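[1] this one's structure only:
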């Protein structure tokens, strides 16, 4: 290892630096594994609960209430969500990343932040997990990458909302499953 011409510069033996990096990486990996395990457990519990009790209907907060349609209900909320919209061609961005509150409703995904984005549930082709992100593919070829706390649980909540929306009767009809109130 060469000496730095700067006085006061500190040196770290490569073996120590590598060991410190490895320790930090293992600690980070341990945190990730713990988060994933907790998220998986919450997702499994939610699947069972939704099968037994149906979708929850959460009380709308002051941010989402003015945006909801009269018969639309909030199913899930994620605070501090990061969303990145993508065009059909790889690498082409439509917008820079956006942040805000993400709401899953009985009809839509809504991001309320500096900009409001709305995606109809029936416009979703697929949703897949990629690491700590949930990738939502829309029928028109566009997509969004969501970075949220509990992406596996969110995946289950979106799937349940989509299933409920597909089985819901046409507007004006009273039959069919309805989200339960909490």
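    Received the coordinates, thanks. Every value quoted in this text rests on a predicted model; they were computed, and no experiment measured them.
[2] how close does residue 137 sit to residue 158?
    Per CB to CB, to the nearest Å, residue 137 is found 12 Å from residue 158. Placement of C-beta: from N, CA and C, glycine included.
[3] more neighbours, these two?
    Between residue 137 and residue 158, counted using other CB atoms under 10 Å, the more crowded position is residue 158 (20 against 16).
[4] can you say which helix or strand has that one in it?
    Secondary structure assignment for residue 158, by DSSP states H and E: helix 151-167.
[5] and that helix, what does it pack against?
    Secondary-structure packing of helix 151-167 (3 or more CB pairs under 8 Å, 6 or more residues apart in numbering; DSSP states H and E): helix 14-53, strand 74-86, strand 98-105, strand 124-130, strand 133-138.
[6] between that helix and strand 124-130, how many degrees?
    With axes from the mean of the first three to the mean of the last three CA atoms, to 10 degrees defining the directions, helix 151-167 sits at 170 degrees from strand 124-130.
[7] give the buried residues for helix 151-167.
    For helix 151-167, the neighbour count (16 or more other CB atoms under 10 Å) marks 151-162, 164-165 as buried.
[8] ok, stretch 49-59 next?
    By neighbour count on 16+ other CB under 10 Å, the buried set for stretch 49-59 is 50, 55-58.
[9] ok, and what's touching stretch 113-131?
    67, 83, 85, 95, 98-101, 107-111, 134-140, 144-145, 151-152, 155, 158-159, 161-162, 165-166 (CB atoms under 8 Å, 6 or more residues apart in numbering).
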